[in-house]
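Engineer: Quick one: sequence plus predicted model below, questions after.
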Amino acid sequence: EQWSSVGDSLAAAPISLAIGADGTVYAAGRFPVEDDQAAWDILAWNGENWSSIVSGLTGKFFDMAANSKGELFVTGEIQIPSKSIRTAVAKWDGTEWNALGQNIGGTGFTLALDKEENLLAGVFIGNKTLGDCQVVKWNGEVWTAPVAGLDSYCRTLCVDPNGNVYAVGGFRSAGYQEGL
């Protein structure tokens, strides 16, 4: 088997990829715009072309996750100017971007979905609602923080088929996180 490109070259390496329930491929990162400048963007591949879906959203986009409902989540340092919101996690419902829950602020670096499709997010520095916790969970209604957690930042999260959560980051120890 061989690797093949998806459409025209993106002219820059995406930071994150996600695949939507309908097969749409999403790419987030800094992409060239004009005059050798680059801008943060989220692109969607419709099978023929890449197009930006970042309209209504500004900031830096570090990771994405897509669920079976067709929702796309992005984390980073995000602003939704039309709603005067700064958030670490935003959701694209196919039409518009929204923050999840209360404005959690801070910076997010990683996302993963658990077996029940609850969204897990890692690294929130200076988080207004949840403090400086390292991993939080969105259950569709509210963000929750683990009882015990990592002692430093989390860069990557993944969940295995049994529901075990794995984290990579700068921590030296991790507490037991029942219910995460």
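Structural biologist: Structure received.

Engineer: Any stretches of the chain with poor pLDDT?
Structural biologist: 8-9, 11, 103, 125-133, 146-149, 151, 173-180 (pLDDT under 70).

Engineer: Setting the sequence-adjacent residues aside, check what's closest to G108.
Structural biologist: Once its chain neighbours are removed from consideration, G108 has its nearest residue in T75; the separation is 3.2 Å (C-beta to C-beta, 6 or more residues apart in numbering). Quick note: C-beta positions are derived from backbone N, CA and C, even for glycine.

Engineer: tell me what the helix or strand where the one you found lies is packed against?
Structural biologist: In this structure, T75 sits in strand 72-80 according to DSSP states H and E. Judged by 3 or more C-beta pairs under 8 Å, 6 or more residues apart in numbering; DSSP states H and E, strand 72-80 is in contact with strand 58-66, strand 85-92, strand 97-99, strand 110-113.

Engineer: could I get the ones you listed as TSV with distance to V123?
Structural biologist: Converted to TSV, those look like this (distance: least, C-beta to C-beta, whole Å):
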stretch	distance to V123
strand 58-66	9
strand 85-92	8
strand 97-99	17
strand 110-113	7
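
Engineer: Any chance of a markdown table for these, columns mean neighbour count and distance to A21?
Structural biologist: Compiled in a markdown table, the helices and strands packed on strand 72-80 are given as follows (neighbours: other C-beta atoms under 10 Å; distance: least, C-beta to C-beta, whole Å):
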| stretch | mean neighbour count | distance to A21 |
| --- | --- | --- |
| strand 58-66 | 21 | 7 |
| strand 85-92 | 22 | 12 |
| strand 97-99 | 19 | 18 |
| strand 110-113 | 21 | 12 |
